[in-house]
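Visitor: what shape does this take:
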Amino acid sequence: MNFVSGIILPMDLLDRLLKHDAWTTRQLLQLCIPLRNDQLDQVFDLGHRTLRATLTHLIYNMEAWSSLMESVDIVTSDDCSIAGLINRLDDASARLSTTARSVSDRDGWDDTWMDHLENPPKRRTFGGSIAHVITHSMHHRAQVLYMLRMLGVDNRPEGDVLSWEDAYSPPA
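Guide: Residues are numbered from 1 along each chain as shown. Next up, the predicted model:
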């Protein structure tokens, strides 16, 4: 449910997936705030090898795929501090949501766009691409959760949609 001026608005599956994706990634970034640089850059044998690199990759993927689907230059930042990644997440999740909502509103899930980063360029569907970005994030968040556990970080979220919904919805 969306809450606007005390009015409860319905939320569809796309809204739930996008809001859960951004919220859960933000929860993990917030857990990283007190970590030292050596912890953020500690090498693990999975993902993109470090917390910072894995989180940066996750957010860059949101930035890049949104830009590609919009047929604009990839808009990103090189700020990989935790504060910078939180800002980038806010921008990237808003863009991804705008892009996905536009696709949904026009029922363009099966419409295609050209992925010019592939060699040779490859035609992709908007629906498959949006699903890819969301599941890609989940995959890397699981790796981040493992890295945080190995660093001894407590109070890690489960990261599931129902946990997000419980935190997002006010008590009845």
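Visitor: now Asp166: which helix or strand?
Guide: Taking DSSP states H and E as the criterion, Asp166 maps to helix 161-168.
Visitor: just the residues contacting that helix, thanks.
Guide: Under the contact criterion Cβ atoms under 8 Å, 6 or more residues apart in numbering, helix 161-168 has outside partners 16-17, 19-20, 23-24, 157. (C-beta placed from N, C-alpha, C; glycine too.)
Visitor: tabulate those (CSV), appending secondary structure, distance to Gly47 and pLDDT.
Guide: Formatted as CSV, these follow (DSSP: H, G, I helix; E, B strand; the rest coil; distance: Cβ to Cβ, whole Å; pLDDT from 0 to 100):
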residue, secondary structure, distance to Gly47, pLDDT
Arg16, helix, 25, 93
Leu17, helix, 22, 95
Lys19, helix, 24, 94
His20, helix, 20, 95
Trp23, helix, 20, 95
Thr24, helix, 16, 97
Pro157, coil, 17, 91
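Visitor: what is the nearest of the residues you listed to Asp90?
Guide: Set against Asp90, the nearest of the contacts of helix 161-168 by Cβ to Cβ is Trp23 (11.3 Å).
Visitor: where do the helices sit along the protein?
Guide: Using DSSP state H, the helices of the chain run over 13-32, 37-40, 51-69, 82-105, 126-150, 161-168.
Visitor: show me what counts as buried in the first one.
Guide: For helix 13-32, the neighbour count (16 or more other Cβ atoms under 10 Å) marks 14-15, 17-25, 27-29, 31-32 as buried.
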